[in-house]
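K.L.:
Give me a 3D structure for the following:
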Amino acid sequence: RTADSFTSSSSATSLASSMGEDAGGNGDETHATDATTTTSTKHNLSANYTTTTTNNNNINNNNDEDQQRESRLKSLLPTYLASVTKIRMIVLAQSRSIWYLLPRLMYKAFSPMYREEERTMGPIREFARLTCESAREGSPLALLSRRSSHASSSASSSSTTTTTTTTTSTPHDDGNDNGVPLKVSKDLLDEAITLLFAGQDTSAATLSWTLHLLSLHPEKQTRVAEEVRSVLLLGETTEATTTTTASSPPSPVVSKSMVSRMPYLDAVIRESMRLYPVAPFIVRKLTADIAIPNDGESRTATNNTHKTISMPASTFACIWIYALHRNPKLWARPDDFLPERWIDPELRGRDVGQREIGAYMPFAMGPRNCLGQPLAQVILRIVLARIVYRYRAIDPKLEALDERRKVEEGEGGEFDSRCLRKDMQAG
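P.N.:
Sure thing, here's the model as predicted:
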């Protein structure tokens, strides 16, 4: 724009001087107009520069805020993980205490466990809040934050500035009763806690138990690792033959279609969730009167029929999944880690639990079962395949005891690793 103004001004000056004295007045007017145009151009350039500088400052400020949040998330991560572990124990302790049967208001008012629960939930809420603020465009949390049902109170106060208020308010805004800033609503915070805790912690716990079992059964770990490598190598040769060379190993990219060709990997995860269900028990409120068989008394002496236990409506019933998955009436060798039971026809026929609906329910059952079950099934298999492809889980105690057994008994015999198996704290 400056070059155009300068050219126009030079052309007008040359034209006025060539017209002589008669054009003198017109030349002065032209010079005055050119000066006004140049001044206006300078003002426009100055305004544009100011706007650009402001935008750059806003971008820098946003980048600084993002970096601060990322740094805060990293520093908060160890505390968050410790709090997640602790809140599990608090929930289990509360469910087995008298406070579970009393009104929630009494639990909040008189129980020291509630105060400990609130202290433990502090880092969890803070981590979820920072996650909401750092949510990327298009992510589930970012999409939820734009819904009217999850909008913050500060954002919903003005329909014209919803996005601006939600994303640019400072962390020092007044909060709600939980001390959470208004820029993140309680509904959105609850969704974030659910996604982080139920969606990640549960999968991590299941994978930890699976690796623990594989470390105690090296032969089964070798079999699943060989299966994973064979499928991945086949996938590399068929899908990426142009980029794979003999000197470079295939990249451990695991897809859903690859996992579907790993039956033993699937059996390992199924057996792990049978022995260590991520939710060892669930509680349901009965909506109608029901009668269930009494396993304690097999048959009556009079009419040779099963006794039943009547449970009225509105009763809270606890389904002990941990014991259900180890019931010897439903499972052959119930305490053994036996992935083959899920793929061997003969072993499958011995398990009543594989034929009875409700005998195997690691994700619960019914209308209130785990909503993330389809996603968890894929994530567990993909992550475990990537782990066993690159690493091998070992238990130093098992190796030491196995070496001692070989010295004392020779190469023959087999060591029972169940004595080294850890037990669930809720089991």
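K.L.:
close enough to count as contact, Leu196 and Thr131?
P.N.:
Yes. Here Leu196 reaches Thr131: they are 6.6 Å apart, a contact under Cβ atoms under 8 Å. To be clear about C-beta, it is placed using only N, CA and C from the backbone, and glycine gets the same treatment.
K.L.:
Quick check: closest non-adjacent residue to Glu126.
P.N.:
Leu76 (6.4 Å; Cβ to Cβ, 6 or more residues apart in numbering).
K.L.:
swap in Glu227?
P.N.:
Per Cβ to Cβ, 6+ apart, closest to Glu227 is Tyr264, 5.0 Å.
K.L.:
Does the one you found touch Val224 like I think?
P.N.:
Yes. Using Cβ under 8 Å, Tyr264 is in contact with Val224, at 5.4 Å.
K.L.:
Counting neighbours, go ahead and name the busier of these two.
P.N.:
Taking other Cβ atoms under 10 Å, Tyr264 and Val224 do not tie; Val224 has more neighbours (23 against 17).
K.L.:
contacting residues for the more buried one?
P.N.:
214, 262, 264-265, 268, 339, 388 (Cβ atoms under 8 Å, 6 or more residues apart in numbering).
K.L.:
number of nearby residues for the residue lying closest to Asp201 once chain neighbours are set aside?
P.N.:
Spatial nearest neighbour of Asp201, excluding adjacent residues (Cβ to Cβ, 6+ apart): Val84 at 5.6 Å. For Val84, the neighbour count with other Cβ under 10 Å is 20.
K.L.:
What separation do you get for Val84 and Arg146?
P.N.:
28 Å (Cβ to Cβ, to the nearest Å).
K.L.:
that older thread, please report how far the residue nearest to Asp201 lies from Arg326.
P.N.:
Applying Cβ to Cβ to Val84 and Arg326 gives a distance of 26 Å.
K.L.:
cool, and Asp201?
P.N.:
Counting by Cβ to Cβ, the gap from Asp201 to Arg326 is 23 Å.
K.L.:
Flag the shaky bits of this protein, pLDDT-wise.
P.N.:
The model of the chain has pLDDT under 70 over residues 1-62, 152-182, 235-252, 296-306, 407-415, 425-427.
K.L.:
for it, what spans make up the strands?
P.N.:
For the chain, the strands defined by DSSP state E cover 281-285, 290-293, 308-311, 316-320.
K.L.:
Identify all contacting residues around the third one.
P.N.:
Strand 308-311 is contacted by residues 286, 289-294, 317 when judged by Cβ under 8 Å, 6+ apart.
K.L.:
what's near enough to touch the residue nearest to Glu126?
P.N.:
123, 126-127, 130.
K.L.:
who wins for neighbours among these?
P.N.:
Busiest of these [other Cβ under 10 Å] is Phe127, holding 23 neighbours.
K.L.:
in the sheet, who's paired with the residue nearest to Ala364 when sequence neighbours are not counted?
P.N.:
The shortest distance from Ala364 to any residue other than its chain neighbours is 5.1 Å, reached at Ile282 (Cβ to Cβ, 6+ apart). Beta-bridge partners of Ile282, counted by DSSP bridges, are Ile319.
K.L.:
My guess is Ile282 contacts Cys318. True?
P.N.:
Yes. With contact defined as Cβ under 8 Å, Ile282 reaches Cys318; the gap is 7.5 Å.
K.L.:
Asp64 versus the residue nearest to Arg270 when sequence neighbours are not counted, what's the distance?
P.N.:
Spatially, and ignoring its direct neighbours in sequence, Arg270 is nearest to Trp342 (5.0 Å; Cβ to Cβ, 6+ apart). According to Cβ to Cβ, Trp342 stands 53 Å off from Asp64.
K.L.:
again, but for Ser215
P.N.:
On the measure of Cβ to Cβ, Ser215 and Asp64 end up 45 Å apart.
K.L.:
next one: Val253
P.N.:
The value you get for Val253 to Asp64, if Cβ to Cβ is used, is 36 Å.
K.L.:
Which of the two has more residues huddled nearby?
P.N.:
Legend: neighbour count by other Cβ under 10 Å for Val253 and Asp64, higher for Val253 (13 against 10).
K.L.:
contacting residues around Gln354?
P.N.:
341-342, 348, 360.
K.L.:
Now for these: which two are most distant?
P.N.:
Greatest spatial distance among these (Cβ to Cβ): Arg348 and Tyr360, at 11.9 Å.
K.L.:
and Ile282 and Cys318? which has more neighbours close in?
P.N.:
Ile282 (19 against 10).
K.L.:
how close does that one get to Leu384?
P.N.:
25 Å.
K.L.:
same deal with Lys256?
P.N.:
Taken as Cβ to Cβ, the span from Lys256 to Leu384 is 14 Å.
K.L.:
okay, the two: which has more neighbours?
P.N.:
Leu384 (25 against 10).
K.L.:
quick one: that one and Val268 touch, right?
P.N.:
Yes. Counting by Cβ under 8 Å, Val268 is a contact partner of Leu384 at 7.5 Å.
K.L.:
Need the residues touching each of the two.
P.N.:
Joint contacts of Leu384 and Val268 (Cβ under 8 Å, 6+ apart) are Thr210.
K.L.:
So Ile319 sits against Ala279, correct?
P.N.:
No. Taking contacts as Cβ under 8 Å, Ile319 lies outside contact range of Ala279: 9.7 Å.
K.L.:
who touches both of those two?
P.N.:
Ala364.
K.L.:
In JSON lines: the strands of the chain, plus distance to Arg333.
P.N.:
Listed next are these as JSON lines, based on distance: least, Cβ to Cβ, whole Å:
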{"stretch": "strand 281-285", "distance to Arg333": "23"}
{"stretch": "strand 290-293", "distance to Arg333": "24"}
{"stretch": "strand 308-311", "distance to Arg333": "29"}
{"stretch": "strand 316-320", "distance to Arg333": "20"}
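K.L.:
how about those strands, which one is nearest Asp416?
P.N.:
If we rank the strands of the chain by Cβ to Cβ, the stretch that ends up nearest is strand 316-320, at 25.9 Å.
K.L.:
Restricting to C-alpha, output the closest one in CSV.
P.N.:
C-alpha atoms of strand 316-320 as CSV (Å, rounded to 0.1, in the frame of the first residue of the first chain):
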residue,chain,number,x,y,z
PHE,A,316,-29.0,-53.6,47.3
ALA,A,317,-27.4,-56.7,45.9
CYS,A,318,-23.7,-57.2,45.6
ILE,A,319,-22.4,-59.4,42.8
TRP,A,320,-19.0,-60.7,43.8
